[in-house]
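Undergrad: 3D model of this:
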Amino acid sequence: MKALMLYRPNSEDSRRVEEYIHDFRRTQRKDIDLINLNTREGVATASMYDIVRNPSLLILRDDGQLVKFWQDEQFPLMNELASYLIA
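TA: Just a heads-up that it's a prediction; the model follows:
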């Protein structure tokens, strides 16, 4: 499984997103892919998974199937997120 964070750099939420990613990488030693919603890839990814608010954190299976997501809310506890990435 993998985690994707869809967000807009230089927005009011960007610092919170970047700090969460940094802390997650440091404490869990796992990665979250950052996707800029101001790019074609970001727009296509948001459209594919019907994401309408940002920032959004998605958990995807290796085949791209959406498992869980959080939109525009407080992010999950890091241990909870890490538990999805073990499988």
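Undergrad: all contacts plus neighbour counts: C-alpha atoms, from now on.
TA: Will do.
Undergrad: low-confidence ranges in this protein?
TA: Within the chain, the stretches with pLDDT under 70 are 87.
Undergrad: Need the single longest helix in it, by residues.
TA: Among all segments of the chain classified by DSSP state H, the helix with the greatest residue count is helix 14-28.
Undergrad: so how far is that helix from its chain's centroid?
TA: Its chain's C-alpha centre and that of helix 14-28 lie 11 Å apart, by C-alpha atoms, centre = their mean, to the nearest Å.
Undergrad: quick one: contacts of it?
TA: Helix 14-28 has contacts (C-alpha atoms under 8 Å, 6 or more residues apart in numbering) with 7-8, 30-32, 55, 78-79, 82.
Undergrad: Filter these down to the ones in strands?
TA: Counting by DSSP state E, the part of the contacts of helix 14-28 found in strands is Tyr7.
Undergrad: what's the most distant pair in the contacts of helix 14-28?
TA: Spanning the widest gap among those are Arg8 and Asn79, at 24.7 Å by C-alpha to C-alpha.
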